[in-house]
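Visitor: pasted the sequence and its predicted model underneath.
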Amino acid sequence: MQSVYRTSPYACYSLAWSPFHPHRLAVAGAANFGLVGNGRLLTLTPQGIEKAYTTQDGVYDVAWNELHENQVVGGSGDGSIKLWDLAVPDFPIRNWHEHGREVFSVDWSNLDKRLFCSSSWDGSIKLFTPDRPASLLTIPAAQTCTYAALFSPHQPALIASCASSGLLTLFDVRLPNLPQSTTPTPGPTAPATPALSVPASPGELLTLDWNKYAPHTIATSGVDKIVRVWDTRMLGHGGNVGGVCTGSLAGHQYAVRKVQWSAHRADVIASASYDMTCRIWTTQPASPASPTQLYVYEPHTEFVVGCAWSFFDEDVLATCSWDQTVQVFRPPLPPPKHM
């Protein structure tokens, strides 16, 4: 099984499966590899391109509204965030512009489905709800680029982020009552002290993902090419500084841009890299001498910058690349182990 979708003339930056429709994908793209020019948000079905929205700057990440099957949010290089409704042609239904630099990630909470968060190269994380014209909360997460921020799939108030400083940080963002005001005034700034801070890489940390089955397990990677798995329960000396690396997965030749745990297997991770491959790993090899790399997907001809496991079809993976393609395939994995 393999399907290839062409996104020319836009290089792909990210993609996300719909939580409502098994075969619908949203794709973020940018002209001229995101260096200059327009962006585009696409939705794909097995029939091809379903919707296409053009923006003034590159679109770097996308996330589906967990409460509305036709809404998808995208983060852009000009610091803006736009919400599109597939039933509305041409223009977004909401536009926020609070970040001072590129918005490199957006993530919708699958627990508190009113909320999504964004992270930016301006070093901040912001919380939004579609009902308000301004952010609910701003977290000054880092003095350097914050590449990604993701809600925990287990605890609704917990966000993990990664930055160019190499730090993996966790923030508690409890909002017992959402503000009722509709004035376009950003919400308060949260204290900058994280609940946990882990020096997860000697270089820039570009990506992270929460394990869907183990609440305290996070995978990270970045420019050092190594995928690492962390247990956030095991703190080091100093209280909120520490964390234990429970596994290191080496094999990529260049920086890793995306990691994602399988939605169906607790031990399986996919990673997308500038080495033009997507690799699949297991954290539970058959024996200590067994390789942890299960499969290498190599058809892309440019940087592979995104990967996403299907929510509905076990072991179906989508990848996207600067080669202007989205590729959907079923890797030849061994039968799942009983966890």
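Guide: Done, it's in.
Visitor: list the contacts of stretch 277-297.
Guide: Stretch 277-297 has contacts (C-beta atoms under 8 Å, 6 or more residues apart in numbering) with 227, 229, 246-247, 249, 251-252, 267-273, 298, 300, 304, 307, 317, 319, 327, 329, 331-334, 337. For glycine as for every other residue, the C-beta is placed from the backbone atoms N, C-alpha and C.
Visitor: phi and psi next, for Ala272.
Guide: According to degrees, to the nearest 10, the main-chain angles of Ala272 amount to phi -110, psi 140.
Visitor: what pairs with it across the strands?
Guide: The residues paired with Ala272 through beta bridges, assigned by DSSP bridges, are Lys258, Cys278.
Visitor: identify the residues contacting it.
Guide: Val256, Arg257, Lys258, Val259, Cys278, Val304, Val305, Gly306, Cys307, Thr319.
Visitor: I figured Phe128 hits Ala149, correct?
Guide: No - the pair formed by Phe128 and Ala149 falls short of the contact definition of C-beta atoms under 8 Å, at 11.9 Å.
Visitor: give the residues shared as contacts by the two.
Guide: Residues touching both Phe128 and Ala149 (C-beta under 8 Å, 6+ apart) are Cys117, Ser118.
Visitor: in PyMOL, select just the buried ones from the contacts of Ala272.
Guide: Once 16 or more other C-beta atoms under 10 Å is used to decide burial, the buried members of the contacts of Ala272 can be selected in PyMOL as follows:
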select buried, resi 256+257+258+259+278+304+305+306+307+319
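Visitor: just curious, which of the contacts of Ala272 is nearest to Val27?
Guide: Of all those, the one with the least separation from Val27 (C-beta to C-beta) is Gly306, at 8.2 Å.
Visitor: for Ala16, which three-state class applies?
Guide: Secondary structure for Ala16, judged by DSSP: H, G, I helix; E, B strand; the rest coil, is strand.
Visitor: state the distance from it to Val103.
Guide: Distance of Ala16 to Val103, computed by C-beta to C-beta, to the nearest Å: 15 Å.
Visitor: who has more neighbours out of these two?
Guide: Val103 (30 against 23; other C-beta atoms under 10 Å).
Visitor: bridged to the more buried one, which residues?
Guide: Val103 forms beta bridges with Ser120, as assigned by DSSP bridges.
Visitor: residues contacting it?
Guide: Tyr60, Asp61, Gly75, Ser76, Gly77, Gly79, Ser80, Ile81, Ser118, Ser119, Ser120.
Visitor: burial count for the fourth one?
Guide: As a burial measure, the neighbour count of Ser76 was computed by other C-beta under 10 Å and equals 26.
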